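1. I would like the atomic coordinates for the input below:
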Amino acid sequence: MRFQAVLTPTESKKLIAMALLRTEEMKQALAEDVVVIHPSSTTVFMLEELGIARPTSWWICGLIQPRGLCASGQILDESRGGASFEPHKYAHSWMIEKGSLVGSLTLTETLARMGPKSVYVKGANAIDPEGKVGILFAAKGAGTIGIVIREQRKRGFHILLAVGLEKFIPTKIRDCSKAAALPAIDRAHGTPCGVIPIEGRVINEIQAFKLLCGVEAIPVAAGGIAGAEGCVVFILTGTREEIRKTETLLSQIKGARLPQIYLLDCEVCPRVKCCNSPVYKPMIKADL
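-> Numbering: from 1, shown residues only. Coordinates of the predicted model:
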């Protein structure tokens, strides 16, 4: 049987979040070890699936919005008074140890508790024709994800990367990384960002449908209007039982909505690296 499905970007995020929890790496880590979830518009749905209340203060960076590349108001509020963002002191990850949510720890403290059976989950910003993914960063040393990559090489934990096909780009990630080298960006809509390639297990809608329902998913169209901007159209193929299971799943996903995101007005933004900010200072090589 074949079923033609249409998913908005937010619906895809919920689908992918559900599938992340079905991976063998995740199931083992939740039962026996440590799971660290970097806040994002995809991973927030994982909390919902785990029965954990959504955060009231939702800290999120690498945010793309109409006015440009940005961050949620929480990080910008922290920057008031000239304070700078220090990635190793990042204390906004959601850490789950043996099934229980752990209190706030710095990134350094969090990563120190991870080992070969642990899982780190991160939303990505781009996926290329080879299935490689990239992540936006603005801070020195590639920010939090740069630290995670370096620690993963030492500690050997699993990295799961969530990325919907709305983020498909026709350029290879390694070429994106070169094009978006921060010292070469003179002006930007918002905060100039680099792109860092990252290795890990990639979960997009194709893998998600297979993990959750056993169906094969083929993207056949994309885009839309009147709220369907960024939608992807899929042909789902499977047995009658698999298609029924898929329809039940889609009925749970359709209409998914993200929690409200706190954004600052550009006029009061304290971020000196943002071109939209009234206190913007052009970056020089020594700033990176």
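2. Tell me where the stretch 151-288 of the chain has strands.
-> 158-162, 194-198, 201-203, 216-222, 232-237 (DSSP state E, counting those that start in this stretch).
3. Looking at those, which is nearest to residue 88?
-> strand 194-198 (16.7 Å; C-beta to C-beta). For the C-beta atoms, the positions are set from N, CA and C on the backbone; glycine is no exception.
4. same for the closest one, what does it pack against?
-> strand 133-137, helix 143-155, helix 173-179 (3 or more C-beta pairs under 8 Å, 6 or more residues apart in numbering; DSSP states H and E).
5. just to revisit the earlier point, nearest to residue 178, out of the strands of the stretch 151-288 of the chain?
-> strand 194-198 (9.0 Å).
6. That closest one pairs with which strands, parallel or anti?
-> strand 133-137 (antiparallel) (DSSP bridges).
7. Report the mean confidence score over the partner strand.
-> Averaging pLDDT along strand 133-137 yields 95.
8. ok, now stretch 214-225?
-> For stretch 214-225, the per-residue pLDDT averages 97.
9. Format the CA atom coordinates belonging to it as PDB.
-> Output of stretch 214-225 as PDB, limited to C-alpha atoms (Å, rounded to 0.1, in the frame of the first residue of the first chain):
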ATOM      1  CA  GLY A 214       8.400   0.100   9.200                       C
ATOM      2  CA  VAL A 215       7.400   2.000   6.100                       C
ATOM      3  CA  GLU A 216       9.700   3.200   3.300                       C
ATOM      4  CA  ALA A 217       9.400   7.000   2.900                       C
ATOM      5  CA  ILE A 218      10.300   8.800  -0.300                       C
ATOM      6  CA  PRO A 219      10.100  12.700  -0.400                       C
ATOM      7  CA  VAL A 220       8.400  13.800  -3.600                       C
ATOM      8  CA  ALA A 221       7.600  17.500  -3.100                       C
ATOM      9  CA  ALA A 222       8.200  20.400  -0.800                       C
ATOM     10  CA  GLY A 223       7.100  23.900   0.100                       C
ATOM     11  CA  GLY A 224       3.600  25.400   0.400                       C
ATOM     12  CA  ILE A 225       1.600  28.500   1.400                       C
END
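10. for it, which positions count as buried?
-> 215, 217, 222 (16 or more other C-beta atoms under 10 Å).
11. likewise stretch 195-206?
-> In stretch 195-206, counting by 16+ other C-beta under 10 Å, buried: 195, 196, 197, 198, 200, 202, 203, 204, 205, 206.
12. Tell me how many other residues crowd the residue lying closest to the third one once chain neighbours are set aside.
-> In space, residue 197 comes closest to residue 173 once its chain neighbours are excluded; the distance is 4.7 Å by C-beta to C-beta, 6 or more residues apart in numbering. Using other C-beta atoms under 10 Å, residue 173 has 23 neighbouring residues.
13. Quick check: residue 173 vs residue 115, distance?
-> 28 Å (C-beta to C-beta, to the nearest Å).
14. Quick check: what element follows the least confident helix or strand in the chain by mean pLDDT along the chain?
-> Least confident element among the helices and strands of the chain, by mean pLDDT, DSSP states H and E: helix 73-78 (a mean of 74). For helix 73-78, the following helix or strand on the C-terminal side (DSSP states H and E) is strand 94-97.
15. Could you pull up the mean pLDDT of that following strand?
-> Strand 94-97 shows a mean pLDDT of 92.
16. coming back round to it: let me know which of the helices and strands packed on strand 194-198 is the nearest to residue 74.
-> helix 143-155 (14.4 Å).
17. Give me the contact list for the closest one.
-> 38, 61, 85, 87-88, 90, 107-108, 111, 114-116, 118, 120, 122, 135, 137, 139, 141-142, 159, 196, 198 (C-beta atoms under 8 Å, 6 or more residues apart in numbering).
18. Just want the angle from it to strand 133-137.
-> 130 degrees (axes from the mean of the first three to the mean of the last three C-alpha atoms, to 10 degrees).
19. ok, residue 65 touching residue 264?
-> No. Under the criterion of C-beta atoms under 8 Å, residue 65 makes no contact with residue 264, lying 11.3 Å away.
20. between these two, who's got more neighbours?
-> residue 264 (20 against 11).
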